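1. Here is my input, please return the structure:
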Amino acid sequence: MYSLCELIQNSQIGTSIRESLFVFPIIEATHVLALGLSVGTLVWFDLRLLGVVMPDEPISKLHRQVMPWAVLGFVLMFVSGSLLFWANALKAYTSLYFRLKFLFLVLAGCNAIAFEFATKRSIQSWDSAPAIPRKVKLAGLFSILLWIAVITFGRATAYHLT
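-> Coordinates of the predicted model:
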């Protein structure tokens with residue numbers, strides 16, 4: 001795996017991204033802005049799942065409104081993150097922070113998949129329920145905590161790649 005990362009990083013594309021005066025900062029800015037779009041809308045939705053914000057807003061309606069934005073942000077974040085990795089693959093691979101970021105990203109993805117394919121099946125009933133089901137609140141709480149970990153270790157990765 002080390003050799004593969006070395007090959008990726010030292011490729012013409014990796015070197016071009018890393019050494020460009022403008023390309024790397026543009027990709028990095030896109031990554032951070034996409035993170036804000038994706039995680040920002042997800043946290044907003046998760047806070048609704050927890051019952052903290054917009055208690056009168058139907059959860060199913062909010063889900064339909066915010067998820068397209070969250071998905072768009074995630075796609076942009078994934079593409080820009082992949083390009084950032086391409087430019088510094090070897091350094092990222094050897095970074096404990098990057099490995100932790102990746103672990104928590106996978107766990108956040110598992111939480112999202114579990115929500116979309118299992119928990120969300122009864123979303124319509126949450127709109128009229130007297131209380132939000134516990135499993136729904138836990139999904140929202142786990143999402144927030146996992147994304148905090150992803151962002152924390154992502155920033156640590158960026159500041160410790162030298």
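2. buried sites along the strand or helix carrying residue 40?
-> Secondary structure assignment for residue 40, by DSSP states H and E: helix 23-49. If you call a residue buried by 16 or more other CB atoms under 10 Å, then helix 23-49 has these buried ones: 24, 27-28, 30-31, 34-35, 37-39, 41-49. From N, CA and C alone the C-beta is placed, and that goes for glycine too.
3. now swap in stretch 13-25 and tell me
-> Of the residues in stretch 13-25, 14, 17, 18, 24 count as buried by neighbour count, 16+ other CB under 10 Å.
4. quick revisit: what helices or strands is the helix holding residue 40 leaning on?
-> helix 12-19, helix 59-87, helix 134-160 (3 or more CB pairs under 8 Å, 6 or more residues apart in numbering; DSSP states H and E).
5. Can you pull the poorly scored residue ranges out of the protein?
-> Low-confidence segments of the chain (pLDDT under 70): 161-162.
6. can you name the farthest residue from the center of the chain?
-> Distance from the C-alpha centroid of the chain, by CA atoms, centre = their mean, peaks at residue 130 (31.1 Å).
7. what about that residue, which SS state?
-> Taken by DSSP: H, G, I helix; E, B strand; the rest coil, the conformation at residue 130 corresponds to coil.
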